[in-house]
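> pasting the sequence and the predicted coordinates here, then a few questions.
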Amino acid sequence: MSKFVELKEAVASTLKPGATVAFEGFTHLIPHAAAHEVIRQNIGDLTVVRMTPDLIYDQLIGMGLVSKIVFSYAGNPGVGLLRRLRDAVENGWPRAIELEEHSHAAMANAYEAGAAGLPFAVFRGYKGAGLKEVTPTIRSVTCPYTGEELATVPAIRPDVTFIHAQKADRKGNVLIEGIVGVQKEAVLAADKAIVTVEEVVDELDAHPNACVLPSWTLHGVCEVPGGAHPSYAHGYYTRDNAAYLEWDRIAADRERFRSWMQAHVLNAGAADFAARIKPVEVTS
């Protein structure tokens, strides 16, 4: 596959039913367009991974495409719970899902272990916490140097990671600016990584401490302006708070959820995202 590719082709050529997939982004640059393409292609039985699953995970779960979720905090940011996730857990609608819950620290360390090619992550944490009682993958080791008991979790190694970023240059290098969560680690831990970007440029003009993913770390780059909406893309558009509030009402009812997904995801396309954003005004 060419490095630069349409999102539809990128998804079809990399993600298969039953795969483990991560859609990472923290506060902004959340890859909504990529997740919607997965839904349109009806790729199911997925194990989905995310440090902070929000709307796109609610949508994937509500459409019956998820068998397991590996996560830390889950919720509609600033609003409340994820109603489709809760319905699946409590009522098995549209299907029952398996939960593997961790802390933010555990998820970050698990991605880093995966990126380093290690089988598990070791860190201080979970002492006195009840989460290890319901998550059997949380275990411990004794430090051979100090005798200290440390927590461990399995490395996260997705079959495919999807992220969104600001820019790619024409060689396929990608620039991430603003808040950076675990996007870099999630890409390096994955067997294949697809990045949607706001634009393709001649030069990245990256400052010295910027996060740049070199071309060789990526399987495909897709130009999808607005592809993070309703989350924001630093320097391009702001967060659509109204969309998050509206989602709580949409997701609360199964039929309304299905109707919304039909109109705004199944009958839509990646190109529609550009029309949903209000670009940030640049002042000199």
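Structure received.
> distance of residue 228 relative to residue 120?
31 Å (Cβ to Cβ, to the nearest Å). C-beta here means a position set from N, CA and C on the backbone, and glycine is covered the same way.
> who has more neighbours out of these two?
residue 228 (30 against 15; other Cβ atoms under 10 Å).
> burial count for residue 98?
By the criterion of other Cβ under 10 Å, residue 98 has 11 neighbours.
> which helix in the protein runs the most residues?
Counting residues, the longest helix found in the chain (DSSP state H) is helix 104-116.
> list the buried ones in that one?
Residues of helix 104-116 classed as buried: 105-115 (neighbour count, 16 or more other Cβ atoms under 10 Å).
> please apply the same query to stretch 58-73.
Under the neighbour-count criterion of 16+ other Cβ under 10 Å, stretch 58-73 has 58-67, 69-72 buried.
> same deal with stretch 14-33?
14-15, 19-26, 28-33.
> now the two most distant members of the residues you listed.
Farthest apart among the buried residues of stretch 14-33 by Cβ to Cβ are 19 and 28. That separation is 25.5 Å.
> residues contacting the longest helix of the chain, please?
Applying Cβ atoms under 8 Å, 6 or more residues apart in numbering, the contact partners of helix 104-116 are 51-52, 70-73, 102, 119-123, 125-126, 138, 151, 153-158, 182, 184-186, 188-190.
> in this protein, which spans are helices?
Under DSSP H, the chain gives helices at 7-14, 32-40, 55-62, 83-91, 104-116, 183-189, 241-251, 254-261.
> so where is the stretch 1-150 of the chain shaky, pLDDT-wise?
1-2 (pLDDT under 70).
> need the contact list for residue 19.
Applying Cβ under 8 Å, 6+ apart, the residues near residue 19 are 43, 46-47, 158-160.
> would you quantify the distance from it to residue 89?
Separation of residue 19 from residue 89 (Cβ to Cβ): 22 Å.
> swap in residue 174?
As judged by Cβ to Cβ, residue 174 and residue 89 stand 35 Å apart.
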